[in-house]
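# mind folding the following:
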Amino acid sequence: MSIRRRASWLAVALGAALALALLMVAEPASVLALVRRLPWGWLLVAFGWSCLVLACRGLRLALVSGGRLSPASALAVISVGQFASAALPLRLGEVVLFVLLQLAGLKGAVRGLSFLLLLRALDAAGLLVC
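Take a look at the predicted model:
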């Protein structure tokens, strides 16, 4: 098994462990009570929009990388980075995104940081357009 494959499985295991730990901290009964009160139609709409936004951000990263990242790996980087940004305190998710870019094949600290700055500038520009 390649190093990249092992790192992928490790990231999946760590993500699952983190999600389970967050669920336990949030008390499963209160999470289930909140989910029961949600209107399912709007929950599906929100899920669809979230998937669409992640797909657009993944495609944008693939385009910005100039072919260094495939759309599938760019989507994986964005998805895991988004989860890390939401789950980790003190903006540690940004550090995870930098490491993910390194693992995905964008070598070099300056290149990784420049991609992060460019992605954040594009996010800010998108918000201003909206």
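
# the helices in the protein, which residues?
3-25, 28-37, 40-64, 71-87, 92-104, 109-129 (DSSP state H).

# buried ones in the fourth one, by neighbour count?
I take that to be helix 71-87. The neighbour-count check on helix 71-87 (16 or more other C-beta atoms under 10 Å) flags 73-84 as buried. C-beta here means a position set from N, CA and C on the backbone, and glycine is covered the same way.

# export the helices of the chain to CSV and tack on mean pLDDT?
Below are those laid out as CSV (pLDDT from 0 to 100):
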stretch, mean pLDDT
helix 3-25, 81
helix 28-37, 84
helix 40-64, 90
helix 71-87, 86
helix 92-104, 79
helix 109-129, 80
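
# what about residue 63, how many residues nearby?
Counted with other C-beta atoms under 10 Å, the neighbours of residue 63 add up to 12.

# just give the closest residue to residue 64, not the sequence neighbours.
Distances taken as C-beta to C-beta, 6 or more residues apart in numbering put residue 118 closest to residue 64, at 6.1 Å, once the chain neighbours are dropped.

# any idea how many residues pack against residue 100?
For residue 100, the neighbour count with other C-beta under 10 Å is 22.

# next, count neighbours for residue 125.
Number of residues near residue 125 (other C-beta under 10 Å) recorded here: 10.

# and for the one 4 residues further on?
By the other C-beta under 10 Å criterion, the neighbourhood of residue 129 contains 6 residues.

# now residue 99
When neighbours are counted by other C-beta under 10 Å, residue 99 registers 16.

# now do the contacts for it.
Contacts here follow C-beta atoms under 8 Å, 6 or more residues apart in numbering; on that basis residue 99 touches nothing.

# the one 3 residues further on too?
Contacts for residue 102 (C-beta under 8 Å, 6+ apart) come out as residue 112.

# one more: the one 4 residues further on?
For residue 106, the contact set (C-beta under 8 Å, 6+ apart) comprises 65, 68-69, 112, 115.
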